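Participant: let's see this in three dimensions:
(chains A and B)
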Amino acid sequence: MKPTESDTEFSFETSRSDIEVTWKQRLGDFYREFIYKPGLVAWSDNRTRLGALLMLVYVLMGTVGVVYYRAPTSNQSPRGVQPFQTTEALLGTTGSGIDILAMIIHATPPMLIMVLSGGLFATTLAVTFGTVAGYKGGVTDRALTTFADIAMSIPGLPLIMVLAIVFSPTNPAIIGILLTINYWAGLARAIRSQILTLREESYVEASRTLGVSTWRILVKDIIPNIMPYVLVNFANAARFVVFTSVGLYYLGILPTSVANWGVQLDQAYRNAGALTGAGTLYQLVFPMLAIMLIALALILLAQGMDRVFNPRVRTRLAGESRSTDGDDTEAVSTTEVLN
Amino acid sequence: MNSYYIKRTLRSVVTLWIVVTLTFGMIRLLPGGPLVQLRAQLIRQGVDPSEINGIIESYQNLRPDQPLYIQYFDYVSSLLTGDLGESIRYGEPVAALVGDALPWTVFVMVTATVIMYALGILWGAVMAYKEGSTFDTVSSALSILFSTVPFYVFAIFLVIIFGYQLEWFPTRGRTSVGAQNPYTLGFVIDVVRHAVLPIMSIIVTQVGLQALAMRGNSIQLLGEDYVRVARLRGLADGRIATRYVGRNAILPMYTGFLTLIGFNIGGSVILEEVFTYPGIGYYMFKALEGRDYPLMMAVFLVITSVLVVALFVADLTYSKIDPRVQTGDSSEAY
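Facilitator: Okay, here's the model as predicted:
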């Protein structure tokens, strides 16, 4: 997203274009710019492909799976069945005859909601705070930084634990926000310090000299630069939500009435003695795999999405490079030299 | 320059003050919050209702029958004199419990974070230099895999394998029972042996992301013009790697380093529970479990103070390390 791409939009009065752009064309442009091209680039990366497929599995589990697969109840199958013995309970059953696969599937929707609400809450707040504070400077910066500082100086996990004990929330969307209640602040500060260097870039200064509005500079010139960083951190925030929620459910600090993989871990640990070699290790391993794979999906997606915002890669793959061809080969050879 | 330091110091003090006010608010004002529950707890234990206010006062430095501003004043002034109240569960002054536990937590977490950062930076730099090679691919995959494991799950496995099965390391406590004299080599080894597993679980689960961050920063910098110019000038590779790329790549990670120490000290609540390591996190968990609000709030305040100090140091030193970032009012407002 080069700043020059949008030069038709902040033209002077004399050169105002009188070609009517219909809604259809605009929609088509939007689709090509923001969905087709990024998608093409993202899909060309193996990491994104794997990450997206994994994520799709979780989404399917959380939507279709919940409808078609039976809900976990006691004694729905014979007790203590080892995994891969029956097709009825593929991943085995617990000591009280609960299908482990059913537990894993039915814990997915609340987890997805938590991850989404937590990730969105944290990154949106962080980007807003970080860019405005870093770019505006002066009093605005001081006020916003002080606020973020205070939010950040409160240790996350203990704060979350105290709040979880006091409020005992059960709505996954609220738990997601609760878990990232001050996660955004650290990210906001990191973004701010990047903006501090970005605001001195020459093209930003050029935009400023041309009288482009602050909002436009932020959206067009500044934010695209930090997008890879933000996306990586969205995934990190999401991972933080997964890990923390599972940890809190495992410790029994969040109310265990909500299905969660952490509750399963706790049950396997306490009731089934999975760690003391009672042959029930599988009860611990499968929920753990569920946690690890969703974390893997999030990290892979973040890593792959990194490329979407890299204009050089993007132009080449979307097949619209003419003058930039030379740049591409040069860039490649530079990295080769550095190897 | 001096006024900047004064301002920054003031800000830290204000932050601490706001956090103290917040904890006061949480104790005093939340509906169904600590004070209400403490009262219910005491009534359940069959304490005479006329004595309850007195007991609450000794536990939490609050006199519930006084107006709010007097309660607030009492609370803040007793905190300033180092009186953090009394633990319900342990029946001891909270300050003594915390003072005993804090150094151990700080020792474990700072050691773990420092080692983890050093390893991450080295690993990431090598990956960036060998971008696209098998080493890079395998390392990237490995570092991603490491960070898919939550540290407490990894901690449980460490306890099982190295603690119970191989019996290489102790599974609980910060020293062996009976190890008293702190001025012997045996004692030091004992302490290190107890700390190895918690430190390992932090390092292994966090190093991957740091390495990837370092890799990303370095690769971006390797494409910068001044690095190319340095190369054309025929500077030695080592010099370019450390002074041109390394320095600038570490820079964005510096603030993260200090905050991560604070983060990890917060994370000790889960970690120390798994290793039964009596640091402040362990006491915090016990307090959460037993709804021991004076202890809970005190540990919360202490962890907060550690984090505030870490951030303070980060801010004061960042401008020293990166001269491009001007401090104070000199940044122009747009």
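
Participant: ok, residues contacting stretch A:126-137?
Facilitator: A:140-141, A:144-145, A:147-148, A:184-185, A:187-196, A:198-199, A:214, A:217-218, A:222-223, A:226, A:230, A:233, B:331-334 (C-beta atoms under 8 Å, 6 or more residues apart in numbering or on different chains). Bear in mind the C-beta positions are built from the backbone N, C-alpha and C, glycine included.

Participant: which of those fall in helices?
Facilitator: A:140-141, A:144-145, A:147-148, A:184-185, A:187-196, A:198, A:214, A:223, A:226, A:230, A:233 (DSSP state H).

Participant: and chain B, which of the residues you listed contact it?
Facilitator: The residues of the ones in helices among the contacts of stretch A:126-137 that also fall near chain B, by C-beta under 8 Å from any C-beta of the partner chain, are A:Thr140, A:Asp141, A:Arg189, A:Ala190, A:Ser193, A:Gln194, A:Leu196, A:Thr214.

Participant: of these, grab the buried ones for ChimeraX.
Facilitator: Burial among those is assessed by 16 or more other C-beta atoms under 10 Å in any protein chain shown; the matching ChimeraX selection reads:
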select /A:141,189,190,193,194,196
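
Participant: just curious, which of the ones next to chain B among the ones in helices among the contacts of stretch A:126-137 is nearest to B:Leu311?
Facilitator: Distance to B:Leu311 across those (C-beta to C-beta) is lowest for A:Arg189, with 8.7 Å.

Participant: isn't that closest one up against A:Thr145?
Facilitator: Yes. A:Arg189 is within contact range of A:Thr145, at 7.3 Å (criterion: C-beta atoms under 8 Å).

Participant: the stretch 1-150 of chain B against chain A: which residues are in contact?
Facilitator: Counting by C-beta under 8 Å from any C-beta, the stretch 1-150 of chain B sits next to chain A at B:11, B:14-16, B:18-19, B:22, B:26, B:30, B:32-34, B:129-133, B:140, B:144-145, B:147-150.

Participant: recalculate using a threshold of 7 Å.
Facilitator: Contact residues, the stretch 1-150 of chain B versus chain A (C-beta under 7 Å from any C-beta of the partner chain): B:11, B:15, B:18-19, B:26, B:30, B:33, B:129-133, B:144, B:147-150.

Participant: and the residues you listed, which are buried?
Facilitator: Neighbour-count burial (16+ other C-beta under 10 Å) applied to the residues of the stretch 1-150 of chain B next to chain A gives B:11, B:15, B:18-19, B:26, B:30, B:33, B:129-131, B:144, B:147-150.

Participant: which of those fall within helices?
Facilitator: If you go by DSSP H, these have B:Arg11, B:Thr15, B:Ile18, B:Val19, B:Met26, B:Tyr129, B:Ile144 in helices.

Participant: ok, the fourth one - contacts?
Facilitator: With contacts defined as C-beta atoms under 7 Å, 6 or more residues apart in numbering or on different chains, the neighbours of B:Val19 are A:Ser153, A:Ile154, B:Thr304.

Participant: okay if I get the residues you listed as CSV plus pLDDT, distance to B:Tyr164 and secondary structure?
Facilitator: Formatted as CSV, the contacts of B:Val19 follow (pLDDT from 0 to 100; distance: C-beta to C-beta, whole Å; DSSP: H, G, I helix; E, B strand; the rest coil):
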residue, pLDDT, distance to B:Tyr164, secondary structure
A:Ser153, 72, 39, helix
A:Ile154, 75, 37, coil
B:Thr304, 83, 35, helix
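
Participant: residue in the stretch 1-150 of chain A nearest to chain B?
Facilitator: A:Gly138 (2.8 Å; C-beta to the nearest C-beta).

Participant: that residue: neighbouring residues, count only.
Facilitator: A:Gly138: 13 surrounding residues under other C-beta atoms under 10 Å in any protein chain shown.

Participant: so how far is B:Pro323 from it?
Facilitator: Going from A:Gly138 to B:Pro323 by C-beta to C-beta, to the nearest Å gives 21 Å.

Participant: again with B:Met200
Facilitator: Distance, B:Met200 to B:Pro323, using C-beta to C-beta: 37 Å.

Participant: tell me the contacts of A:Ile299?
Facilitator: With C-beta under 7 Å, 6+ apart, A:Ile299 has these contacts: A:Ala235, A:Arg239, B:Ile144, B:Ser147, B:Thr148.

Participant: before we move on, what about B:Asn217?
Facilitator: Contact analysis of B:Asn217 by C-beta under 7 Å, 6+ apart lists B:Ala249, B:Pro252.

Participant: hang on, it in a strand?
Facilitator: No. With DSSP: H, G, I helix; E, B strand; the rest coil as the criterion, B:Asn217 is located in helix rather than a strand.

Participant: tell me the pLDDT at the nearest residue to B:Gly246 once chain neighbours are set aside?
Facilitator: Closest residue to B:Gly246 apart from its sequence neighbours, by C-beta to C-beta, 6 or more residues apart in numbering or on different chains: B:Ala125 at 6.4 Å. We have a pLDDT of 85 for B:Ala125.
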